[in-house]
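Asker: Got a predicted structure plus its sequence, pasted below:
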Amino acid sequence: MKIGIIGMGHVGATLAYTLCLQGLAETLILIDTNEAKVQAEYLELSDAVKNLDHDVKLVKNDYAALVDAALVVFCAGDITVLETATDRLAELRVTSKIVAAIAPKLQASGFSGLVISITNPCDVIALYLANLTGFDKSKVIGSGTLIDTNRLKNRAGREDVLVIGEHGESQVALNVTPDIEKQATGTGWEIYAAKHHTAFGIASSVARIIRVLKTDTRELLPVSSYDEVENCYYATLTELTLENGVVQRVLPSLNNLETDRLTQSIQTIKRNYLEI
Ligand SMILES: NC(=O)c1ccc[n+]([C@@H]2O[C@H](COP(=O)([O-])OP(=O)(O)OC[C@H]3O[C@@H](n4cnc5c(N)ncnc54)[C@H](O)[C@@H]3O)[C@@H](O)[C@H]2O)c1
């Protein structure tokens, strides 16, 4: 599969490495405005690929090469913004400008595949990217709450848990106590406090989405997808195919409190979108 990654920072570089190791990409197109960084990642990934039993063709800073790519992962941003802020929304002022700079280039490249958007605030940026590129919204998704669900599974010590709604503070954890939910929601910040970024969890989550697409297993994953009625992206269980993108959104059965919380989460995302 030919995959483009826009933004070769912590997340983009880790994802590129993960995709190489897992044999999920035959060609990787690495894009970043920081020429030195993208060149360094290109060189190091080239070194790593030499140890693999499969080849990965690496291309750098070539939007035109995206024309026949199956997927683009959007993870451009500036994580240093969080040094002085404590909410993913604080990133919006910066990341919305980055989306506005990249969307016309992505559109002009002739790319017609599926976009997976990671950049925060994830649900708001997915909608903004879809709107600015004019791409079919069923072919633009956000990485959503797959990462949050993994964190919740680790904290709860169980597999039968799920996070839906915003990838952010208003997310809704199902089937756990408030205490476990609080611990899980704090995980990203706990990692960030020591590392000043997070990368392994999200890179692995996106690699999993890509594996599901590549193998066409149609596993329902909690990714952020477009709800036409709400005109909003938020995470719920979603069935994806490479050809059509989102083919089905499935809302798990919710009690009254969970329904209210999801409504509030959607309102939060919509309010945040209006801040752009
Ligand atoms: N959704 C999630 O679960 C999740 C998890 C982790 C990180 N993130 C988000 O992912 C984003 C990236 O995080 P990071 O740690 O890799 O950040 P980073 O600052 O390390 O990297 C961002 C990269 O984007 C590049 N960039 C900026 N503007 C660009 C442009 N116009 N064109 C091309 N490249 C451009 C920068 O040069 C930089 O290399 C952030 O918004 C972060 O909050 C989301």
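Answerer: That came through, no problem.

Asker: got the residues of this protein near the ligand?
Answerer: Counting by CB under 6 Å from any ligand atom, the positions of the chain adjacent to the ligand are 6-12, 31-34, 37, 75-79, 91, 95, 98, 101-102, 118-120, 122, 143, 147, 167, 197-198, 202. From N, CA and C alone the C-beta is placed, and that goes for glycine too.

Asker: tell me which residues of the strand or helix carrying residue 271 are tucked away?
Answerer: For residue 271, the element it lies in under DSSP states H and E is helix 256-273. Buried residues in helix 256-273, counting neighbours by 16 or more other CB atoms under 10 Å, are found at 258, 261, 262, 265, 266, 268, 269, 270, 272, 273.

Asker: Alpha carbons of that helix, as CSV, please.
Answerer: What follows is helix 256-273, C-alpha atoms only, in CSV (Å, rounded to 0.1, in the frame of the first residue of the first chain):
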residue,chain,number,x,y,z
ASN,A,256,-29.6,7.9,30.1
LEU,A,257,-26.5,9.2,31.8
GLU,A,258,-24.2,8.0,28.9
THR,A,259,-26.6,9.5,26.3
ASP,A,260,-26.5,12.9,28.1
ARG,A,261,-22.7,12.8,28.4
LEU,A,262,-22.3,11.9,24.7
THR,A,263,-24.7,14.8,23.8
GLN,A,264,-22.5,17.1,25.9
SER,A,265,-19.3,15.8,24.3
ILE,A,266,-20.7,16.4,20.8
GLN,A,267,-21.7,20.0,21.9
THR,A,268,-18.2,20.5,23.1
ILE,A,269,-16.7,19.5,19.8
LYS,A,270,-19.2,21.7,17.9
ARG,A,271,-18.4,24.7,20.2
ASN,A,272,-14.7,24.2,19.7
TYR,A,273,-15.1,24.1,15.9
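
Asker: From the contact counts, what lies against it?
Answerer: Other elements packing on helix 256-273 under the criterion 3 or more CB pairs under 8 Å, 6 or more residues apart in numbering; DSSP states H and E are helix 122-133, strand 172-174, strand 232-241.
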